[in-house]
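Asker: Okay, sequence plus prediction incoming.
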Amino acid sequence: MADKIKDAKIIFVVGGPGSGKGTQCEKVVAKYGYTHLSSGDLLRAEVASGSERGKTLQAIMQKGELVPLDTVLDMIKDAMIAKVDVSKGFLIDGYPREVKQGEEFEKKIGAPCLLLYIDAKGETMVKRLMKRGETSGRSDDNEETIKKRLDLYYKATEPVIAFYSSRGIVRKIDSELPVDEVFGHVAKAIDGLK
Ligand SMILES: Nc1ncnc2c1ncn2[C@H]1C[C@H](O)[C@@H](COP(=O)(O)OP(=O)(O)O)O1
Ligand SMILES: [Mg+2]
C-alpha cells in the first residue's frame, strides 16, 4: 500500500489563506480526475464529528494557529490510502504549512513531483476571505483570525516555497487573475508533468 502511494503523482498546493487553492483544486479534479485533499477540510470534518480530538482542533484553529503535525499527517495519509486505487494523483491542498511538515510528509508518504504556488497579494487574500466569511460558516474567516493566519503564512509557509524551489519543482501561479485564467496556468503546469 505504501508503495502504491509512492508511485502516485503528488502535487503540493501552497498559498496563503484565500489565495484560491480550493477553487483551483476543484477545477483540477474536474479536468484531470485527481483526488483533492484539503488538510483544512479534513480537520474541519473532524471538528464537525464532535469527537474529543475535534474539540481540541477547533480551539487551535479558532486562534489561527497550526494543529499538531502528526494529527494532520495521519489524516492525509489515511485519506490517500483510501483513494489510491481510484486516483490518478493527489492534490495536497494547504499542506505543508511549514518546512518540517514537508519533511515529515516525505518520510512517511512520498515526494511531490510539483508544487503549485498559488500567489495573491495580502490585501487580495483579506478581501476574498472577508467575502467568503459571509457565507462559509468558517469560524476562522473573521478579521482578527484572518490577520493571524496571514502572519503565520508569511512566517512559516513562505519558507516552504524556498525549500522546494531549490529542487526545481515550484511553479508560481499568479492568482490575482480571474479564476479561469489562473486555471489556464495551473493546467499548463500539470500538463508539463510526465
Ligand atoms: N482568481 C480568483 N479571483 C477572484 N476570486 C477568487 C479567485 N480564486 C478564489 N477566489 C475566491 C473564492 C473564495 O470565495 C475565496 C477564497 O478562495 P479559496 O479557493 O477558498 O481559497 P483557499 O482555499 O486558498 O483559502 O476567493
Ligand atoms: Mg481552502
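Answerer: Looks like it arrived, so ask away. Ligands and ions are numbered 1, 2, ... in the order given.
Asker: just the strands in this protein please.
Answerer: Assigned by DSSP state E, the strands in the chain fall at 9-15, 35-38, 89-93, 114-119, 170-174.
Asker: who does the shortest one touch, helix- and strand-wise?
Answerer: For strand 35-38, the helices and strands in contact under the criterion 3 or more Cβ pairs under 8 Å, 6 or more residues apart in numbering; DSSP states H and E are helix 21-32, helix 69-83, strand 89-93. From N, CA and C alone the C-beta is placed, and that goes for glycine too.
Asker: Let's see that with 10 Å instead.
Answerer: strand 9-15, helix 21-32, helix 69-83, strand 89-93 (3 or more Cβ pairs under 10 Å, 6 or more residues apart in numbering; DSSP states H and E).
Asker: Please save the CA atoms from that strand in PDB.
Answerer: Extracted as PDB, the C-alpha positions of strand 35-38 are listed here (Å, rounded to 0.1, in the frame of the first residue of the first chain):
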ATOM      1  CA  THR A  35      -8.100  13.400  -5.700                       C
ATOM      2  CA  HIS A  36      -8.300  16.700  -3.700                       C
ATOM      3  CA  LEU A  37      -7.300  16.500  -0.100                       C
ATOM      4  CA  SER A  38      -7.500  19.800   1.800                       C
END
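Asker: any residue of that strand up close to ligand 1?
Answerer: No. Strand 35-38 does not reach ligand 1 (Cβ under 6 Å from any ligand atom); its nearest approach is 7.0 Å.
Asker: Note down every partner strand of that strand and its orientation.
Answerer: strand 89-93 (parallel) (DSSP bridges).
Asker: Could you do the last one as well?
Answerer: Strand 170-174 has these partner strands in its sheet, going by DSSP bridges: strand 114-119 (parallel).
Asker: got the angle for the partner strand vs strand 9-15?
Answerer: Counting by axes from the mean of the first three to the mean of the last three Cα atoms, to 10 degrees, strand 114-119 lies at 20 degrees to strand 9-15.
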